[in-house]
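Engineer: next comes the sequence, and after it the predicted model I'd like to discuss.
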Amino acid sequence: MDDKPIDREDILKELDELHRLDSDYADGRILGSMCTEAHPFAKEVYCKFLDTNLGDPGLFKGTKQIEGKVIKSIGELLSIENPYGHIVTGGTEANLMAIRAARNHARKYKGIVNGEIIIPVSAHFSFKKAADMLNLKIIEAELDENYKIDIDSLKSSISDKTVAIVAIAGTTELGLIDPIEEISKIALENNIYFHVDAAFGGFSIPFLREAGYDLPVFDFSLEGVCSITVDPHKMGLAPIPAGGILFRKEEYLEVMAVDSPYLTVKTQSTIVGTRLGASSAATYAIMKYFGKEGYTKLAKDLMENTIFLKEGLENLGYDVVCEPELNIVAFNHPNMDTNKLAEILEKFGWKVSVAKCPKSIRVVLMNHIKLNHLKELLEDLKEIY
Ligand code: PLP
């Protein structure tokens, strides 16, 4: 730290210089991010609530009410009237809370110690962090030929140590939706906690279904689903950090509660102590501002861009890995190594992401990627071909 105060102009100059090194969503060149530029109205509201702390909700009663309203609104989208949950920092923290709830519940009601969680090979790496922190063993269920959980593999992974089954509604690499209805039944039959990670799909599947897209049910209308992760800071256009964790029953929050002696509430179930009220306020504002109509239009626009890219790639002769269910397209050159193709695309100025399973270039069609960017990308891919 400097000994003496520095002039604000000098500080801003230095920060601006560093900020210029950051990629800019507006260029349309960031192809693999699941985040995007937040809506200006959400950013405005976010700034108003910067000093609010939901870790001490008795001091911020209004903001606490806003968080409750957001959870209720997201719950409505996910077919539950009275959800319990929180706006947290993102999908990672939401998944960590779900797995912590499952572990504590299984410990309390079934006496399971040294438990296991079953996740598909396609699960986000946040579950590996959760298992590590919570001292749980990961059992990976294989994928079928369509890159979704293989049901037989899932069934054979269940043991008397299983504390949770996880399925994904919008996988990180391919945007695919696991057979959640079937898994919900299996979880119920075996009396196992079932968590759905819809961090990516949660803000688009409900709207696409309403718009007539043939997508499966993935929410609380399925009796076995105990919790769902949904991220407003992905397709919800809320500022980072904004994740959502919703539970079917209050007891899942209760089994995580610890005493919080010096605060205005007696217990706390969240992982983070001092936590932003701004995320809840901004999410509330943008959900109101868009409404179902706005989000449906956004989700449909993103899917139209997805199909445009997919068809463009196929016309050029590239291999598309799977039929997109959500706004992700993964592809390969028929006879060029994926890393090599990624390297060339980087030289053309694209910020590329390589998927692991299967190895492919993965484009997440977020709101900052417009039709003109896709046309430029296809031009470059034509040249490369
Ligand atoms: N779950 C899924 C399916 C994801 O795609 C991601 C991130 O892309 C996460 C969880 C983690 O979310 P975050 O990066 O907001 O912590």
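Structural biologist: Okay, I see it.

Engineer: which parts of the stretch 251-385 of the chain are strands?
Structural biologist: Here the stretch 251-385 of the chain has its strands, by DSSP state E, counting those that start in this stretch, at 258-259, 267-268, 319-320, 328-332, 353-356, 359-364.

Engineer: adding mean pLDDT, mean neighbour count and distance to residue 1, write the ones you listed out as JSON lines.
Structural biologist: Where you see a C-beta, it was placed from the backbone N, CA and C, and this is true even at glycine. Output for the strands of the stretch 251-385 of the chain, formatted as JSON lines (pLDDT from 0 to 100; neighbours: other Cβ atoms under 10 Å; distance: least, Cβ to Cβ, whole Å):
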{"stretch": "strand 258-259", "mean pLDDT": "96", "mean neighbour count": "8", "distance to residue 1": "34"}
{"stretch": "strand 267-268", "mean pLDDT": "95", "mean neighbour count": "16", "distance to residue 1": "32"}
{"stretch": "strand 319-320", "mean pLDDT": "98", "mean neighbour count": "14", "distance to residue 1": "52"}
{"stretch": "strand 328-332", "mean pLDDT": "98", "mean neighbour count": "25", "distance to residue 1": "44"}
{"stretch": "strand 353-356", "mean pLDDT": "97", "mean neighbour count": "17", "distance to residue 1": "37"}
{"stretch": "strand 359-364", "mean pLDDT": "98", "mean neighbour count": "23", "distance to residue 1": "39"}
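
Engineer: point me to the residue of the stretch 251-385 of the chain nearest the ligand.
Structural biologist: Across the stretch 251-385 of the chain, no residue is closer to the ligand than residue 364, which sits at 8.8 Å (Cβ to the nearest ligand atom).

Engineer: with distance to residue 125 added, can I get the strands of the stretch 251-385 of the chain in a markdown table?
Structural biologist: Output for the strands of the stretch 251-385 of the chain, formatted as a markdown table (distance: least, Cβ to Cβ, whole Å):
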| stretch | distance to residue 125 |
| --- | --- |
| strand 258-259 | 26 |
| strand 267-268 | 26 |
| strand 319-320 | 25 |
| strand 328-332 | 17 |
| strand 353-356 | 10 |
| strand 359-364 | 15 |
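
Engineer: returning to that earlier point: so the residue of the stretch 251-385 of the chain closest to the ligand makes contact with residue 353?
Structural biologist: Yes - between residue 364 and residue 353 there is a contact under Cβ atoms under 8 Å: 7.4 Å.

Engineer: find residues that contact each of these two.
Structural biologist: 31, 32, 33 (Cβ atoms under 8 Å, 6 or more residues apart in numbering).

Engineer: find the nearest non-adjacent residue to residue 143, please.
Structural biologist: Nearest residue to residue 143, sequence neighbours excluded (Cβ to Cβ, 6 or more residues apart in numbering): residue 121, at 5.2 Å.

Engineer: may I see the buried residues of stretch 271-283?
Structural biologist: Neighbour-count burial for stretch 271-283 flags 271, 275, 276, 277, 278, 279, 280, 281, 282, 283 (criterion: 16 or more other Cβ atoms under 10 Å).

Engineer: one step back: now tabulate the shared contacts of residue 364 and residue 353 in CSV and tack on neighbour count and distance to residue 79.
Structural biologist: CSV is the format used below for the shared contacts of residue 364 and residue 353 (neighbours: other Cβ atoms under 10 Å; distance: Cβ to Cβ, whole Å):
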residue, neighbour count, distance to residue 79
31, 23, 33
32, 18, 31
33, 15, 29
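
Engineer: rewinding a little: quick one: the residue nearest to residue 143 from residue 324, how far?
Structural biologist: 19 Å (Cβ to Cβ, to the nearest Å).

Engineer: higher neighbour count, these two?
Structural biologist: residue 324 (20 against 15; other Cβ atoms under 10 Å).

Engineer: please enumerate the helices of the stretch 1-150 of the chain.
Structural biologist: In the stretch 1-150 of the chain, the helices defined using DSSP state H, counting those that start in this stretch lie at 8-19, 40-48, 61-77, 91-110, 126-134.

Engineer: can you say which of these is nearest to the ligand?
Structural biologist: That would be helix 91-110 among these, by Cβ to the nearest ligand atom, at 2.5 Å.

Engineer: check whether the closest one contacts the ligand.
Structural biologist: Yes - using Cβ under 6 Å from any ligand atom, helix 91-110 reaches the ligand at 91, 92, 95.

Engineer: enumerate every residue touching the first one.
Structural biologist: With contacts taken as Cβ under 8 Å, 6+ apart, residue 91 has the following neighbours: 124, 126, 197, 199, 200, 229, 231, 234, 243.

Engineer: repeat that for the last one.
Structural biologist: Contacts here follow Cβ under 8 Å, 6+ apart; on that basis residue 95 touches 124, 126, 127, 130, 166, 195, 197, 199, 229.
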